[in-house]
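Engineer: Have a look at this fold, sequence not included:
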């Protein structure tokens, strides 16, 4: 089970940490337990879909300096578990922007091995690997390209406070996928969703 961490300022985001049981043989960590969630599925305000359940688990490995994001789902909750390493996690609540009621709200936090975070639908997310990183994530939706959205990791209108120089690459710039390098601004993404 998770140990609570300081609360998030973003609605629906929940930080925690796994309990690690260790001895001379190694260690054991419980990653997820169905009874920790409502029996009739996750709340619709977190996932966008009533009765959603975790349906897929993934393992991501990243070298120091890899930046993934900012990714955005309208119908999926993510539960991230840091298996090893450290990451600077950036969450951007874009629900007010999409609804036309306010500005995006940014929250960053460093997560280490055994730390967890649950990210509801409507909260964009990304991370910078501060050292070699293994990240497990459970999701409430199987891969669906129509819900794999994103916006520029360095959008100045959003203002995520990424480090000026990142660990790993000799030039101090983050290592990005082609997708993350070419994502639109948040304003362009929202306009495409409304169009």
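Structural biologist: It's in. Just so it is clear, the structure is predicted and the values come from calculations on it, not from any experiment.

Engineer: ok, residue 186 - how many residues close by?
Structural biologist: For residue 186, the neighbour count with other Cβ atoms under 10 Å is 23. No exception for glycine: its C-beta is placed from N, CA and C like everyone else's.

Engineer: Neighbours of residue 150, how many?
Structural biologist: That count, for residue 150 with other Cβ under 10 Å as the rule, works out to 22.

Engineer: Tell me what it is bridged to.
Structural biologist: residue 71 (DSSP bridges).

Engineer: Kindly report the same for residue 61.
Structural biologist: Applying DSSP bridges, one finds that residue 61 bridges with residue 134.

Engineer: What about it, how many residues nearby?
Structural biologist: A count of neighbours around residue 61, defined by other Cβ under 10 Å, yields 13.

Engineer: Mind listing what's buried along the longest helix belonging to the chain?
Structural biologist: Counting by DSSP state H, the longest helix found in the chain is helix 186-194. For helix 186-194, a neighbour-count test (16 or more other Cβ atoms under 10 Å) marks 186, 189-190 as buried.

Engineer: of all the residues you listed, which comes closest to residue 149?
Structural biologist: Nearest to residue 149 among these: residue 189, at 6.3 Å, using Cβ to Cβ.

Engineer: tell me the contacts of the closest one?
Structural biologist: 72, 149-151, 183 (Cβ atoms under 8 Å, 6 or more residues apart in numbering).

Engineer: the strands in this structure, which residues?
Structural biologist: All strands of the chain, identified by DSSP state E, fall at 2-4, 14-18, 20-23, 26-29, 56-62, 67-72, 78-84, 86-93, 105-112, 115-119, 123-129, 133-139, 149-150.

Engineer: Nearest to residue 176, out of these?
Structural biologist: The nearest among the strands of the chain, by Cβ to Cβ, is strand 67-72 at 5.8 Å.

Engineer: so how far is the closest one off the chain centroid?
Structural biologist: Relative to its chain's centre, strand 67-72 lies at 8 Å (Cα atoms, centre = their mean, to the nearest Å).
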